[in-house]
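# structural data only, the sequence is not supplied:
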Ligand SMILES: [Zn+2]
Ligand SMILES: [Zn+2]
């Protein structure tokens, strides 16, 4: 019986009579040798290796099948040279955060000044295999660096600050403005990129006014799951541009607290020209559950539960984490923090003076066994079942410093981010096998253990009514959510012509008389910018495209030795496959491929008076990928390599 060993790459030529090679007197070589330039041919073409990749697809060569070309609702939109805005015009460009949830960034351009709002990131998806994360496209800003007066950041979540260090380094390192905690969180983020220029940070407070070029900007406080979240007010001669960042209302049963009313009071009499706001929870009816209810729920549980309590939450929910520490402390319990982001964020919150745990309240995870179970609360990362998170390692017993005991209670104080369902289920199974009790936000009859940080439909309505804007641009959300948000604005009485649902890169302008909002035909570049290790690439990046294709259907390498003069094959081609089909079991397919290759090479050669190797290679790549697709219904990445002699 043949054992399926994984052969080393250089050993896998399946050509039986490779030794009969007469490649210019060279001995048999590895199937993928480095190109050795040989003498110039009579046709002025260098011999050696030419290679690029092909994949059969109805749409052409790219992209892979899981990523059909994106269809814009504005088919006319195209990238092109965009002239500066005319005198008096307000230009708005979302460079990230629409068509998606994550990597928020919006540019506001008036006259000679550009203000950038937020610079987020989102983590890699199956469309961007292997990259670390994705940031908004900075091309438009890079081309206008000298006009950028400020990066203003609404709050410290990664979808708003995650791209800050790299974005700043690409757009001329303008000054950064935000409230204290957000600045501290950005500092932590920037510390991961010591090679980049130092951030020019400026701490501002709500109520303060700053001047960016000729533009005046003010701030107001908003309620979110991280303290120091702020909304931004940009003054224009036709009224205010208002964008609250992520927010929900501080309300109980639909009654907004006086503190919250105070923050929004300036809008009562103000003339708001444009509102741009979050569409994340536009599908959820009613008001968002107030965080107080979660605080109360967690407090009840911490009081009631007798054994050890392990709370898994987003490390970004600093308000909630701080509250848990305070409750535990008041009940004489010790709190251990586990997970890097959990420790960092608590550290930052303490540094910002946001709360002050007593000495001895926070203990290292190694010491939890020194206390009776009913005196221990552990805050952990990993509520999404992330592979290497603290809770997941505890669930599969691979945590080196901590193990679960029968009688422990796990509180999953988070909703499940779409796409993470299976990981969370697997983790919960692992936890349940260890005899622990699990409480999640879906557990019936339990106290509230989680609330969203984004306003639901009623919060959103309240904001629209409060700000009564003339124009509206829904942001933060994928396209259908933005559309629903538009519908809501129209329900509230706004005429359709005053609303634009943007794509990333849409260039929108409010006319100089303040009476009209229009979408320009040109689009700012908006392709994904991927951060892979220390390099930044765009979404046409060959590396990423190839990774995607390799992950889908593997690869198929054709090495053809072609006679310099006749353009004919000098020997039967070498074939290599990885992750596509097992060659030994597909001899008939290979035989046919060889015939196809021979024909493709000879066809290409016969079309020109002398052999054109580029042409031969292209013909070979296209013919072979098409043939393999017809025979196997797979689309491997086909790499034709032409050796000439
Ligand atoms: Zn947020
Ligand atoms: Zn956000």
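Nice, thanks for sending it over. Predicted model only: the values in this text are computed from it and were never measured. Numbers count the residues shown, from 1 in each chain. Ligands and ions are numbered 1, 2, ... in the order given.
# tell me the mean pLDDT over stretch 558-575?
Throughout stretch 558-575, pLDDT has a mean value of 85.
# nearest spatial neighbour of the residue in the stretch 451-600 of the chain positioned nearest to ligand 2, chain-adjacent residues omitted?
For the stretch 451-600 of the chain and ligand 2, the shortest gap (Cβ to the ion) falls at residue 476, measuring 6.1 Å. Using the backbone N, CA and C atoms, a C-beta is placed for each residue, glycine as well. Nearest non-adjacent residue to residue 476, counting by Cβ to Cβ, 6 or more residues apart in numbering: residue 278, 4.2 Å away.
# interface residues of this protein facing ligand 2?
159, 246 (Cβ under 5 Å from the ion).
# so where's the chain shaky on pLDDT?
1-51, 57-80, 124-130, 442-444, 533-534, 538-544, 610-611 (pLDDT under 70).
# nearest residue to the middle of it?
Nearest to the mean C-alpha position of the chain, by Cα atoms, centre = their mean, lies residue 122 at 2.2 Å.
# what residues are bridge-paired with that one?
Counting by DSSP bridges, residue 122 forms beta bridges with residue 134.
# now do the contacts for it.
Residue 122 is in contact with 100, 101, 102, 103, 133, 134, 159, 162, counting by Cβ atoms under 8 Å, 6 or more residues apart in numbering.
# including secondary structure, neighbour count and distance to residue 351, could these go into CSV?
Below are those laid out as CSV (DSSP: H, G, I helix; E, B strand; the rest coil; neighbours: other Cβ atoms under 10 Å; distance: Cβ to Cβ, whole Å):
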residue, secondary structure, neighbour count, distance to residue 351
100, strand, 19, 32
101, coil, 19, 29
102, coil, 21, 27
103, coil, 28, 27
133, strand, 20, 25
134, strand, 27, 29
159, helix, 24, 22
162, coil, 25, 20
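# what about the residue nearest to the centre of the chain, distance to residue 432?
The gap separating residue 122 from residue 432 is 31 Å, by Cβ to Cβ, to the nearest Å.
# for residue 151, same thing?
Look at residue 151 and residue 432: by Cβ to Cβ, they are 46 Å apart.
# okay, the two: which has more neighbours?
Counted by other Cβ atoms under 10 Å, residue 151 and residue 432 do not tie: residue 151 has more neighbours, with 27 against 13.
# so what are the sheet partners of whichever helix or strand the more buried one is part of and their directions?
Residue 151 belongs to strand 148-152 when assigned by DSSP states H and E. When pairing is defined by DSSP bridges, strand 148-152 lines up against strand 113-117 (parallel), strand 176-178 (parallel).
# right, and those strands - which one's nearest residue 211?
Nearest of the strands paired with strand 148-152 to residue 211, taken as Cβ to Cβ: strand 113-117 at 9.7 Å.
# give me the residues contacting the closest one.
For strand 113-117, contacts defined as Cβ under 8 Å, 6+ apart pick out 104-109, 141, 144, 147-154, 167, 171, 174, 212-215, 217, 232, 234, 243.
# try it again at 6 Å.
106-108, 147-152, 212-215 (Cβ atoms under 6 Å, 6 or more residues apart in numbering).
# what residues sit buried inside stretch 370-383?
373, 376, 377, 378, 379, 380, 381, 382, 383 (16 or more other Cβ atoms under 10 Å).
# residues near the nearest residue to residue 348 once chain neighbours are set aside, how many?
Sequence neighbours aside, residue 184 is the residue nearest to residue 348 in space, at 4.7 Å (criterion: Cβ to Cβ, 6+ apart). The number of residues packed around residue 184, counting by other Cβ under 10 Å, is 22.
# can you give me the offset of stretch 295-314 from its chain's centre?
When distances are taken as Cα atoms, centre = their mean, to the nearest Å, stretch 295-314 is centred 32 Å away from the chain's centroid.
# contacts (any at all) between ligand 1 and it?
No - shown here: stretch 295-314 not in contact with ligand 1 (Cβ under 5 Å from the ion), separated by at least 9.9 Å.
# which residues does that stretch contact?
323-324, 327, 373-374, 376-380, 382-383, 391, 407-414, 447-449.
# distance between the ends of that stretch?
With Cα to Cα, to the nearest Å as the measure, stretch 295-314 spans 15 Å from end to end.
# hang on, isn't residue 395 packed against residue 427?
Yes - using Cβ atoms under 6 Å, residue 395 is in contact with residue 427, at 4.7 Å.
# so what touches the strand holding residue 151?
113-117, 171, 174-177, 212-213, 232.
# that older thread, so the residue nearest to residue 348 versus residue 200, what's the distance?
Distance from residue 184 to residue 200, by Cβ to Cβ: 15 Å.
# what values do phi and psi take at residue 109?
phi -130, psi 120 (degrees, to the nearest 10).
# give the helix, strand or coil label for the closest residue to ligand 1 within the stretch 201-350 of the chain.
Proximity of the stretch 201-350 of the chain to ligand 1 (Cβ to the ion) peaks at residue 246, 3.5 Å away. Secondary structure state of residue 246, per DSSP: H, G, I helix; E, B strand; the rest coil, is coil.
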